[in-house]
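Q: need a structure here:
(chains A, B and C)
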Amino acid sequence: MVEYTEKIREIAKRLLQECKVDAVLGFRSGTIPMMNEPCFVREPEEVDRLIWDSNCGINLCNYLTDRKERIGVLAKGCDSRNIVTHIVENKVDRDQLYVIGVPCQGMIDKKRITAMFEDEVEAVEEKGDTLQITAGGKTSELKKEEVLQQNCSVCIHRNPVIHDEMVADPVPEQEDVDRYADVREIEAMSTEDRWAFFDKLLEPCIRCYACRNACPLCYCPTCFVDESRPQWVGKSQDSDDVRTFHFLRAYHCAGRCTDCGACERACPVGINMRVFTKKLEKDCKELFDWEAGMDPKSRPPLDVYRPEDPDDFIR
Amino acid sequence: MTSTREEIVQNPYLPYPVRIDEIVTETEDKNLKTFKFVFLDPDDEKKFAYHAGQFAELSIAGKGEIPIGIASSPTEKGFLKFTVNKVGLVSSHLHAMKVGDVMGVRGPLGNWYPWEVLEGKNVVIVGGGFAFTTLRSSIIYMLENRDRFGEIHVVYGARTPGMLLYREELAQWESRDDIHMHITVDATDDPDWKYNVGFVPPITEQKAPQGDGDTYAIVCGPPVMIKFTQPVLDQKGYAHDHIIMSLENRMKCGIGICGHCNVGREFVCKDGPVFTLSQLNQLPKEY
Amino acid sequence: MTTFQLDSDRLTEGIDRLHGQYRVIGPVAEGRFHNFRPLQPGQKPDFDFRNTRMSAKQLVYPQSQVMAEYHLDETREDSHILKEVLPDETPRAVFGIRPCDADAFGLVRRNFDTEEYKDPYWIQAYERATLVGLACEDPCRSCFCTSAGSGPYSTGGLDALLVEDPDGGYWFQSLTEKGERLREAAGWKEEAGSGVEDTIAERKKAAESRIVSQVHTDQLRNQATLDLYEAPFWEDVAFSCINCGTCTYLCPTCWCFDIQDETHGKKGCRMRNWDSCMYPLFTLHGSGHNPRGEKIQRVRQRFMHKLKYYVDKYDNGIQCVGCGRCVQYCPVNIDIRRVCELMNQRGSTGAACEV
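A: Purely as a prediction, here's the structure:
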């Protein structure tokens, strides 16, 4: 995907020069391996800061909320679906956006790669579908597809669903992917086991809210955990309060989450809170045949009613 | 400077238990009440030695704490008074409490108006709305020590006559000849209103004395009042180190430790709340 | 100072001997990272880490801590009166603190232990702990301790230091009386051979040379506060910030907290919880006014506090020990080294940013 960089700069330069947009939202190269930083480029002379590689996992839609400028935004499949959700939820106007579609082949999992090496990873270089990893002075190769973020490895919408221009031809979508093997495993647990599993999963949580704040869906002006009148949730490390935060946040994302993986990626203590949102995603698919962010004209299933919606849960 | 646990006699986070002795509803909108507290342990009153301009944390078990300026004067013995605006969780709960209820007061906290500097000087107090609380403390303190100060002027404004705090005391002060009161309201249709009508800045312009090296202004009020009063004082020749203000910021600990209320390197709770305008000119406007 | 020689077994035996006299705490592997946890008798500290994910800060200053308790039952005489609750006074022995984290205690102490006010919770927890450091042989590439007033063998804030010897054993040095008492309780008596101090000094130098990253802080004090505050670079620095608490919660030197009452039935407690200047709620007034309502203001506050306000207030370096956690775990790669260079270089021309 590194080859997209030149094309991205070219498009960004043109858009800025022709004043089609006020700024281009993309990534600049990070200061440590496997990290890039979202950035806003306003001048045509600055487009060389923009880069693209397999470390662009932050969901850029998160930076569009309530902005008023005309923005050229780089969008992977998941980003584009969140942009659609933002448009549906009136958090941004389609007309103010110039969506630069980026066909995505998945983002790499920094935490996993770091854990694979005894020594600190000093550099990661991408060569097509191979990664050259330098750690402890030695360079070795990894197949990129083996170290993708888990959400990317089961992604079935790699190409943007809306775009004004593409940086490359669409990539083939993954077929025969089992999206919900992990969810089924948890569903199969007994209630007690599942509770214990959640307890263990959330035990490291420090309530930094990186998951919430990295999420483009979490744009509430005051999150329920921050409400003080009335106060819904305690502020301590009490496990009830930690669970309440994660469960309620997941429910608030039901039918809206695109499984972009920003939450899990942002977590400093390695919690896979995606198991919650994925369960709800699976339910939405099974109950309503719904996938979030595929169509700017459709509202998510939990804020509409259709006569054919399943209703056997009402007794 | 480091201490061991054994040397720490006082836990600065623990409030003194107090009983509510009296509650006075001050304003016609009933949003401001003055609470008079009496210490459960009389010895605590001695520990709570304070100066006019300081504040304290009012502490309600199960609800939390709020920082409130002390409205009583150190010259008034046997009780503390605080006038509280009903805005948040703690203040709303406090407004629902009754005489006889037990709660806590933690303090005194922060610095105070620079009484040593003000000794022998003329003092102009400019106050608006419910920020008049520590100004009441200051006026009573100065009147009790009247010979230690020069001329005293008070410009105090509220939206309507019914929104003025401490109305009985204002009337008493009006009748004295050793303090120049300039009470004003934004507007009124009360035909018996015998004081000024108009916003605080123009009244200050009309009534306050010219600034000089021997005259200090203490300004306390809503941001909009401060914004328009400052040019008036500038024009009247008040140097910025002769303009004294009291800040508010969200606080928790009140003792400069929890980090909430900083303005630049200063903590409003410990280094303030009282700053001169020349000090504030050096700080980010984060209040 | 005497250096004692321990092989790996003797270390374990000695630590085991401390149970009963001390609550013993050490690094434990949890999934993909290490954190400090109580060690059970027989359980070894796991020293196979570069640094713990959460800093040692929480040993003295837990994320959630009860400060006082109260009853609301009106039939009780003490109803509505807050009663002090101090942390467990049993001495604690902590093994495996990296020197950067230990230096942070000295720095944070300036906040919790002042002339006017003493924070009894922090001071007691610190005083009742014997902190045994573990010299750092394999620093991360994002570590910059040596230019942040610390270093891989720094002894600030520690009661004793363990240095790994090349044969898989350890050298132990007591730095305080507390450290010496711990050594005696552990029964470590075998003195290391002559020349060991030189060997340790060489190893220290070698470890310092492995710190590849640094910050420049020499101009921070000279900068005018308001000029830095109004510098044009903040917008670019803050753009990507998502205002989470990762940097502040992982930081060994961030000390801000919130105070909250939690009532269950007729009784409850007043507690403090870590808070973060990254959160809008941190500065929200009751009136709705917020002096730092914008993201750029909050990001600027964090860096101004660490690199300017603290520097000016204490004249004792920056409020950072260079542990590199915020650099490594910031979800969007905001890098304090880069910001520090921008602030330090403000007003000068031509100097290049190294990171």
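
Q: going forward, measure contacts and count neighbours with C-alpha atoms only.
A: Noted.

Q: Name the nearest residue to the closest residue to chain A within chain C, ignoring sequence neighbours.
A: Residue nearest to chain A within chain C: residue C:245 (4.2 Å; Cα to the nearest Cα). Leaving aside its sequence neighbours, residue C:245 sits nearest to residue A:208 (Cα to Cα, 6 or more residues apart in numbering or on different chains; 4.2 Å).

Q: Relative to residue A:42, how far out is the residue of the stretch 51-200 of chain B found nearest chain A?
A: Nearest to chain A in the stretch 51-200 of chain B, going by Cα to the nearest Cα, is residue B:89, at a distance of 6.8 Å. Distance, residue B:89 to residue A:42, using Cα to Cα, to the nearest Å: 44 Å.

Q: cool, residue B:77 as well?
A: In terms of Cα to Cα, residue B:77 sits 64 Å off from residue A:42.

Q: of the two, who's got more company?
A: Between residue B:77 and residue A:42, counting by other Cα atoms under 10 Å in any protein chain shown, residue A:42 is the more crowded of the two (17 against 9).

Q: those helices in the stretch 1-150 of chain A, which residues are they?
A: A:4-17, A:77-88, A:110-116, A:150-153 (DSSP state H, counting those that start in this stretch).

Q: An error on my part: the question was meant for the stretch 1-150 of chain C.
A: C:8-18, C:57-60, C:99-112, C:120-127.

Q: Now do the closest residue to chain A within the stretch 101-250 of chain B: how many residues are near it, please.
A: Closest contact between the stretch 101-250 of chain B and chain A, by Cα to the nearest Cα, is at residue B:250 (14.2 Å). Close neighbours of residue B:250, defined as other Cα under 10 Å, add up to 23.

Q: mind checking the SS state of it?
A: Secondary structure assignment for residue B:250 (DSSP: H, G, I helix; E, B strand; the rest coil): coil.

Q: go on, residue B:23?
A: Applying three-state DSSP: residue B:23 is strand.

Q: got the contact list for the closest residue to it other than its chain neighbours?
A: In space, residue B:23 comes closest to residue B:35 once its chain neighbours are excluded; the distance is 4.8 Å by Cα to Cα, 6+ apart. Residues in contact with residue B:35 (Cα atoms under 8 Å, 6 or more residues apart in numbering or on different chains) are B:20, B:21, B:22, B:23, B:24, B:81, B:82, B:83, B:84.

Q: repeat for residue A:70
A: Going by Cα under 8 Å, 6+ apart, residue A:70 touches A:20, A:21, A:22, A:23, A:96, A:97, A:98.

Q: do you know how far the spatially most central residue of chain B is from chain C?
A: The centroid of chain B falls nearest to residue B:134 when counting by Cα atoms, centre = their mean (2.1 Å). Distance of residue B:134 to chain C, computed by Cα to the nearest Cα, to the nearest Å: 19 Å.

Q: what about that residue, is that helix, strand or coil?
A: From three-state DSSP, the assignment for residue B:134 is helix.

Q: just residue B:156 next, same as before
A: Assignment for residue B:156 (three-state DSSP): strand.

Q: so how far is residue A:201 from the closest residue to residue C:154 other than its chain neighbours?
A: Counting by Cα to Cα, 6+ apart, residue C:154 lies nearest to residue C:99, which is 5.3 Å off, once chain neighbours are set aside. The gap separating residue C:99 from residue A:201 is 30 Å, by Cα to Cα.

Q: quick one: which of the two has more around it?
A: In this view residue C:99 and residue A:201 are compared by other Cα under 10 Å, and residue C:99 has more residues nearby, 26 against 16.

Q: surely the more buried one meets residue C:149?
A: No: Residue C:99 lies out of contact with residue C:149 (Cα atoms under 8 Å); the separation is 10.9 Å.

Q: Show me how the chain divides into domains.
A: Chain wasn't specified; assuming chain A. A:1-114+A:152-176, A:178-315 (automatic domain parsing).

Q: you looked at the wrong chain, it should be chain C
A: If you go by automatic domain parsing, chain C breaks into C:3-209, C:225-345.

Q: and those as TSV, adding mean pLDDT?
A: Shown next, in TSV, are these (pLDDT from 0 to 100):
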stretch	mean pLDDT
domain C:3-209	95
domain C:225-345	96
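
Q: Include distance to residue B:118 when you put those domains into JSON lines, please.
A: Formatted as JSON lines, the domains of chain C follow (distance: least, Cα to Cα, whole Å):
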{"stretch": "domain C:3-209", "distance to residue B:118": "25"}
{"stretch": "domain C:225-345", "distance to residue B:118": "27"}
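
Q: Name the SS class of whichever residue of chain A sits closest to chain B, please.
A: The minimum distance from chain A to chain B, using Cα to the nearest Cα, falls at residue A:229 (6.8 Å). Using three-state DSSP, the structure places residue A:229 in coil.

Q: Hmm, residue A:131 is touching residue A:145, no?
A: No: contact status for residue A:131 versus residue A:145: not in contact, 9.7 Å apart, counting by Cα under 8 Å.

Q: More neighbours: those two, which one.
A: Neighbour totals were compared for residue A:131 and residue A:145, and residue A:131 leads with 21 against 16 (other Cα under 10 Å).

Q: Surely residue C:71 and residue C:261 touch.
A: No: if you go by Cα under 8 Å, residue C:71 and residue C:261 don't touch, sitting 11.9 Å apart.

Q: what is in contact with the two at once?
A: Common contact partners of residue C:71 and residue C:261 (Cα under 8 Å, 6+ apart): residue C:268.

Q: What's the local residue count around residue C:249?
A: 26.

Q: any idea how far the residue nearest to it when sequence neighbours are not counted is from residue B:129?
A: The spatial neighbour of residue C:249 that comes closest, neighbours along the chain excluded (Cα to Cα, 6+ apart), is residue A:208 at 7.0 Å. Between residue A:208 and residue B:129 the computed distance is 39 Å (Cα to Cα).

Q: Just give the nearest non-adjacent residue to residue A:66, would you?
A: Residue A:66 sits nearest to residue A:91 (Cα to Cα, 6+ apart), 5.4 Å away.

Q: distance of that neighbour from chain C?
A: 17 Å.

Q: Contacts only, for that residue.
A: Per Cα under 8 Å, 6+ apart, neighbours of residue A:91: A:64, A:65, A:66.

Q: mind checking how far stretch B:270-283 is from the chain centre?
A: In terms of Cα atoms, centre = their mean, to the nearest Å, the centre of stretch B:270-283 is found 16 Å from the chain centre.

Q: where exactly do the strands run in chain C?
A: C:3-6, C:23-30, C:33-38, C:64-71, C:83-84, C:92-97, C:129-134, C:160-164, C:170-174, C:257-264, C:267-274 (DSSP state E).

Q: Output the ones you listed as JSON lines; include the columns distance to residue C:142 and mean neighbour count.
A: Listed next are the strands of chain C as JSON lines, based on distance: least, Cα to Cα, whole Å; neighbours: other Cα atoms under 10 Å in any protein chain shown:
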{"stretch": "strand C:3-6", "distance to residue C:142": "31", "mean neighbour count": "22"}
{"stretch": "strand C:23-30", "distance to residue C:142": "21", "mean neighbour count": "20"}
{"stretch": "strand C:33-38", "distance to residue C:142": "17", "mean neighbour count": "19"}
{"stretch": "strand C:64-71", "distance to residue C:142": "29", "mean neighbour count": "21"}
{"stretch": "strand C:83-84", "distance to residue C:142": "42", "mean neighbour count": "16"}
{"stretch": "strand C:92-97", "distance to residue C:142": "18", "mean neighbour count": "25"}
{"stretch": "strand C:129-134", "distance to residue C:142": "19", "mean neighbour count": "26"}
{"stretch": "strand C:160-164", "distance to residue C:142": "22", "mean neighbour count": "24"}
{"stretch": "strand C:170-174", "distance to residue C:142": "26", "mean neighbour count": "22"}
{"stretch": "strand C:257-264", "distance to residue C:142": "27", "mean neighbour count": "20"}
{"stretch": "strand C:267-274", "distance to residue C:142": "25", "mean neighbour count": "22"}
